[in-house]
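Chemist: okay, here's the prediction I keep looking at, along with the sequence it came from:
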Amino acid sequence: MFEISVEETFAAGHALRGYRGKCENPHGHNYRVRVHLRGDGLDNIGLLYDFRDLKHHLRALIERFDHQFLNDLEDFRQINPSAENIAKRFYDGLKDHLAATPSVRLEAVTVFETDTTAATYSEPAAAGARSSR
Ligand SMILES: [Zn+2]
């Protein structure tokens, strides 16, 4: 099994609705997003997946969030723009991009709000198979 990861950063503001404390007030983060892919097979030049392509997909998603107030975006009108929910948004978006490459599996997406705080979203490996039974 091979695993690769890439990271990109973006800056955005948010406010956590319903949170009792400072984080209910508008504030900003320099977010860091780390994406992990897994797979068994390498291509004919020894790559699991091209880092450049993975970064390209990630940047396309970041473009929607960068320098925005996340609460104002359609993605976060109903749900809070918590690191957890942001990680799931990236996961869902990347899953669509990677659907055409069945040799790799999107393992996890981690969103860092600071150097020491992060949230990770992943799905069980058999989630698709289970739901089709
Ligand atoms: Zn925050």
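Modeler: All right, it came through fine.
Chemist: all helices of this protein, in order?
Modeler: The residue ranges that make up the helices of the chain, judged by DSSP state H, are 51-65, 83-98, 127-131.
Chemist: so which residue is dead centre in this structure?
Modeler: The centre of the chain sits closest to F90, judged by Cα atoms, centre = their mean, with a distance of 3.1 Å.
Chemist: I'd like the helices of the chain as CSV, with mean pLDDT and distance to A119 appended.
Modeler: C-beta: built from backbone N, CA, C; applies to glycine. Shown next, in CSV, are those (pLDDT from 0 to 100; distance: least, Cβ to Cβ, whole Å):
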stretch, mean pLDDT, distance to A119
helix 51-65, 97, 15
helix 83-98, 96, 4
helix 127-131, 48, 19
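Chemist: ok so, going back, nearest residue to the residue nearest to the centre of the chain other than its sequence neighbours?
Modeler: Computed as Cβ to Cβ, 6 or more residues apart in numbering, the closest residue to F90 that is not its neighbour in sequence is V109, at 4.6 Å.
Chemist: burial check on the one you found, number of neighbours?
Modeler: As a burial measure, V109 scores 26 neighbours (other Cβ atoms under 10 Å).
Chemist: quick one: residues contacting it.
Modeler: Contact analysis of V109 by Cβ atoms under 8 Å, 6 or more residues apart in numbering lists 33-36, 87-88, 90-91, 94, 120-122.
Chemist: next one: L58
Modeler: 6, 8, 33, 35, 90, 94.
Chemist: any of the residues you listed buried? List them.
Modeler: 6, 8, 33, 35, 90, 94 (16 or more other Cβ atoms under 10 Å).
Chemist: kindly reformat those residues as CSV containing distance to Y19.
Modeler: Shown next, in CSV, are the buried ones among the contacts of L58 (distance: Cβ to Cβ, whole Å):
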residue, distance to Y19
V6, 30
E8, 26
V33, 22
V35, 27
F90, 21
L94, 27
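Chemist: what's the closest non-adjacent residue to S82?
Modeler: That would be L16: by Cβ to Cβ, 6+ apart, it lies 6.3 Å from S82.
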